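Chemist: Below: sequence and its predicted model.
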Amino acid sequence: MTIRDRSRALLPLLCLLALPHSPAWAACDDPPGRRVNWLYCDKQGANLTGADLREAVLTRSNLTNAKLAGARLSGADLGRAVLSNADFSGAALRGTRLVSAQLDHAVFVGASMSGARLDRAVLTGADLSQADLSDAELYQVDLSGANLTGANLSKATLTQANLTGAKLANAVLADAALSRAILEDAVLTGARLQGVKLDGANLLDADFTGTDLGTATLADARIDGARFTDAKLDSTIWVDRRRCRPGSVGECR
């Protein structure tokens with residue numbers, strides 16, 4: 001073999017060695033730690049309570065039934081991960097990416113999720129009570145049957161979200177975007193919805209008893225069967241696009 005032929009044979013190997021470490025080369029046996037790479041790894045039932053997983057790569061990983069209470073996951077990527085029944089109680093997920101993740105019946109009680117990205121994620125039956133989801137991205141998220149009691153969703157984006165039968169009692173949704181969202185049979189008693197956008201939303205049989213809808217927008221929303229007992233409708237844009245009078249309570253005047 002000539003020197004030229006040997007050089008040609010070695011060229012592909014040299015090119016591979018020159019490449020930066022690829023995210024596809026996951027180290028599933030590595031212990032939990034900051035920036036750990038568990039891409040596609042199977043971590044079902046793993047006990048990661050209080051673990052430091054900030055900026056970790058957990059894309060498409062399987063963490064079904066995992067224990068992540070108090071874990072630090074800020075900046076981590078859990079896109080398309082399977083996290084059914086996982087426990088994130090009190091966990092820090094600020095700015096965490098959970099796009100298209102499977103989170104049915106997951107527990108996020110008291111979790112810090114400000115600025116998290118949950119677009120198109122499935123959170124059916126999940127418990128997010130008292131969680132901080134302010135400024136979170138939840139476009140087309142499925143929160144049907146979820147418990148969001150006392151959660152902070154101020155300035156969150158929930159456009160086209162499915163909140164059928166969700167519990168939002170005493171939740172804060174000030175300035176949140178819920179345009180064309182589905183809130184059929186949802187319970188929002190005592191919630192704060194000042195400035196919320198509900199234009200074109202499905203509010204059939206929803207319970208808004210005692211909510212504050214001041215300056216909210218309900219243009220073209222469907223409200224058949226919805227209850228607005230003692231709800232504050234101060235300067236609210238009603239379904240027929242007229243502005244309710246200041247001080248309106250229970251009905252748009």
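Modeler: Nice, thanks for sending it over. Keep in mind it's a predicted model, so treat the numbers as computed, not measured. Numbering: from 1, shown residues only.

Chemist: For Ala121, see how far away Leu103 is.
Modeler: Leu103 sits 6 Å away from Ala121, going by C-beta to C-beta, to the nearest Å. To be clear about C-beta, it is placed using only N, CA and C from the backbone, and glycine gets the same treatment.

Chemist: Please disregard the earlier target; I meant Asn47.
Modeler: Taking C-beta to C-beta, one finds Asn47 at 23 Å from Ala121.

Chemist: of these two, who's got more company?
Modeler: Ala121 (28 against 12; other C-beta atoms under 10 Å).

Chemist: doesn't Tyr139 make contact with that one?
Modeler: No. Assessed by C-beta atoms under 8 Å, Ala121 is found out of contact with Tyr139, at 9.7 Å.

Chemist: What are the buried residues along stretch 150-169?
Modeler: Buried residues in stretch 150-169, defined by neighbour count with 16 or more other C-beta atoms under 10 Å: 150-169.

Chemist: got a pLDDT number for the closest residue to Asp205 other than its chain neighbours?
Modeler: Nearest residue to Asp205, sequence neighbours excluded (C-beta to C-beta, 6 or more residues apart in numbering): Gly225, at 4.0 Å. Looking at Gly225, its pLDDT reads 98.

Chemist: wouldn't Thr217 be in contact with Leu193 here?
Modeler: No. Contact between Thr217 and Leu193 fails when scored by C-beta under 8 Å: they sit 10.2 Å apart.

Chemist: Please say which of the two ends up with more neighbours.
Modeler: Counted by other C-beta under 10 Å, Thr217 and Leu193 do not tie: Leu193 has more neighbours, with 29 against 23.

Chemist: any idea how far Val36 is from Lys43?
Modeler: Val36 is 11 Å from Lys43, by C-beta to C-beta.

Chemist: can you check Ser154 too?
Modeler: Distance, Ser154 to Lys43, by C-beta to C-beta: 33 Å.

Chemist: same check, this time on Gly145
Modeler: Look at Gly145 and Lys43: by C-beta to C-beta, they are 26 Å apart.

Chemist: the more surrounded of those two?
Modeler: Remark: of Gly145 and Lys43, Lys43 carries more neighbours, 22 against 19, as counted by other C-beta under 10 Å.

Chemist: what's the more buried one in contact with, if anything?
Modeler: With contact set as C-beta atoms under 8 Å, 6 or more residues apart in numbering, Lys43 has these partners: Cys28, Ser61, Asn62, Leu63, Ala66.

Chemist: To what extent is the last one buried, counted in neighbours?
Modeler: Spelled out, that is Ala66. Count around Ala66 with other C-beta under 10 Å applied: 26.

Chemist: Would you agree it is in contact with Gln44?
Modeler: Yes. Contact criterion C-beta under 8 Å: Ala66 and Gln44 qualify, at 7.1 Å.

Chemist: Excluding covalently adjacent residues, which one is nearest to Ile223?
Modeler: Ile223's closest residue in space is Leu203 (C-beta to C-beta, 6+ apart), at 4.9 Å.
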